[in-house]
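> Below are the sequence and a predicted model for it; my questions follow.
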Amino acid sequence: MGSTTRAAIAGPHCEPLAGGFLTEPVAAISSFAFVLAGIVIAARYLRRPESRDEDGARHVRSRLALLGYPVLVAGIGIGSLVQHGPDPAYASRWWPSR
């Protein structure tokens, strides 16, 4: 593959490869949206007032437990951003055609 550019290499990519830091710019930007969504969801959870039942007793609910979902959403976005953005060399372990 001497004169073949990286953009011409076939593989499991979501879009044609571009030069520069973001090898798949559209996919990287949409991945970053997941990170932002996780941050927004976490911020909204943390601003919620404590819930109480009919008797006025406070529900024992850990705020940390509420952060599980937004952390997962942001984590998916971070992993996807790394994969579609800089496309590190270690990614070839899972996608040998790169």
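Arrived safely.

> For the helix or strand bottoming out on mean pLDDT in the chain, name the packing helices and strands.
In the chain, the helix or strand scored least confidently by mean pLDDT, DSSP states H and E is helix 63-66, which has a mean of 72. Where contact means 3 or more Cβ pairs under 8 Å, 6 or more residues apart in numbering; DSSP states H and E, helix 63-66 is packed against helix 25-47. To be clear about C-beta, it is placed using only N, CA and C from the backbone, and glycine gets the same treatment.

> Okay, buried residues for the helix it packs on please.
Ala27, Ala28, Ser31, Phe32, Phe34, Val35, Gly38, Ile41, Ala42 (16 or more other Cβ atoms under 10 Å).

> which one among those gets closest to Ala74?
The nearest member of the buried residues of helix 25-47 to Ala74, counting by Cβ to Cβ, is Gly38 at 2.8 Å.

> give me the number of residues near the closest residue to that closest one other than its chain neighbours?
Distance criterion Cβ to Cβ, 6 or more residues apart in numbering; nearest residue to Gly38, sequence neighbours excluded, is Ala74 at 2.8 Å. The tally of other residues near Ala74 (other Cβ atoms under 10 Å) stands at 20.

> who are the neighbours in contact with Val35?
Ala74, Gly77, Ile78, Leu81 (Cβ atoms under 8 Å, 6 or more residues apart in numbering).
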